[in-house]
Structures are given as C-alpha cells and as structure tokens.
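In: I'd like to go over a predicted model; first the sequence, then the structure.
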Amino acid sequence: MGRRFKIILAAAGGIVMLFILFSCSGSSKKVKGYVPPSNVFEITDFEMLTGREGANYRLTAVKASFNRIENIAELTDITVEFEDGDEKITARADRGYYLQNRYLVAEGNISGETGSLRFKTADEGIMNYDFESYTGTVENEVICMQGPNVIRADRAEMDFKTKITEFKGNVSINYSM
C-alpha cells in the first residue's frame with residue numbers, strides 16, 4: 001500500500017470515528033433535554049373518576065385539551081357527577097377548565113339535577129367548584145325548580161358538607177302548596 005493511500009485511509013477512519021462520537025454524544029443530549037413538540041395534548045371522550053372523604057366524582061367531556069406545564073385541562077361538553085351516600089348531583093356545561101386536580105370552572109349553558117330539584121342558568125352561566133372544600137357557586141340567572149316551586153337569583157352558593165345553598169342577588173321565590 002502506498003503512503004498516500006494510508007493517509008487517506010487514516011483520514012477517512014478518523015472522520016468516521018468523529019462522526020460516530022458526535023452522533024452518540026448528540027443523541028444522548030437529545031434524550032436528556034427532550035422537549036415534546038407541544039405542551040398540549042388532546043383526549044376525546046375524556047373520563048376521570050376520583051373520590052375524597054366518602055364522596056365520589058365522575059368528570060366526563062367530549063374533548064379535553066391538557067396543558068402539561070400549567071396542569072390545566074380545557075374541556076368541551078362537560079358532565080360532572082357528585083355522589084355522597086344517597087345524595088347524587090349531576091351538572092352539565094358547554095365548556096370549562098379543570099385546574100390542578102382540585103378545581104372546576106364550567107361556562108355556558110349550565111344545567112343539572114339532584115333528586116327532584118333541577119337547576120339551570122342563562123346561556124353564559126358560570127359554575128365554580130372546589131373539590132377539596134366541597135363548595136361551589138353557580139352564576140348568571142340561576143333558576144332552581146322543584147315541582148311547581150321556583151327560586152330565581154343572580155347567584156347560588158353551595159356548601160355540600162353542610163348541605164346549605166344560599167341564593168344572592170335579585171332573589172325571587174314562587175312557592176305553591
């Protein structure tokens with residue numbers, strides 16, 4: 001073999017070695033510092049079950065978009081079911097947010113029922129519920145109906161531990177015996 005051929009072979013071998021070392025070191029850096037292309041992922045037909053202190057919750061949505069960094073889920077066509085012993089409450093909303101495994105904010109046309117009591121809001125209603133404190137509010141032309149009896153208010157504040165609901169703002173009651 002000629003001297004030139006040995007130099008070319010050594011240079012080519014050196015380049016191949018550098019390429020291999022560069023490829024290996026680069027791939028390990030990519031794995032360590034990998035960032036997903038998007039911090040948001042979507043789930044269709046979302047369902048979540050959770051329980052606290054004897055109470056069970058079931059949260060479903062037609063679509064859920066999760067932000068991994070902020071730990072917030074944006075939900076579409078929501079249904080929330082709360083069950084505590086014999087008490088069961090179901091509420092529905094057009095859209096909302098589930099925040100850090102603790103809090104739900106629902107918006108749009110909100111409706112629901114618990115036993116013989118039904119409730120609903122105007123088209124732009126807002127419902128806030130704190131899963132840890134068992135408290136919630138429903139706002140924007142709240143209407144509660146039980147048989148022929150109707151309570152209307154701007155806002156309803158509920159405490160599910162004490163089972164007390166307070167109606168506030170422009171409250172009117174139609175009561176039949």
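Out: Cool, the structure landed.
In: what's the pLDDT at the closest residue to Ile173 other than its chain neighbours?
Out: Excluding the flanking residues, the one nearest Ile173 by Cβ to Cβ, 6 or more residues apart in numbering is Ile151, at 5.3 Å. From N, CA and C alone the C-beta is placed, and that goes for glycine too. pLDDT for Ile151: 94.
In: what's in contact with the host helix or strand of Ile151?
Out: Applying DSSP states H and E as the criterion places Ile151 in strand 149-159. With Cβ atoms under 8 Å, 6 or more residues apart in numbering as the test, strand 149-159 has contacts from 119, 134-144, 164-176.
In: And the buried ones among the residues you listed, selectable in PyMOL?
Out: Selection of buried members from these for PyMOL, criterion 16 or more other Cβ atoms under 10 Å:
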select buried, resi 119+134+136+137+138+139+141+142+143+144+165+167
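In: Strands along the protein, start to end?
Out: Taking DSSP state E to define them, one finds strands in the chain at 40-52, 55-67, 72-84, 87-99, 103-108, 111-114, 117-120, 125-130, 135-146, 149-159, 164-168, 172-174.
In: residues of the second one that come out buried?
Out: Spelled out, it's strand 55-67. Ala55, Tyr57, Leu59, Thr60, Ala61, Lys63, Ala64, Ser65, Phe66.
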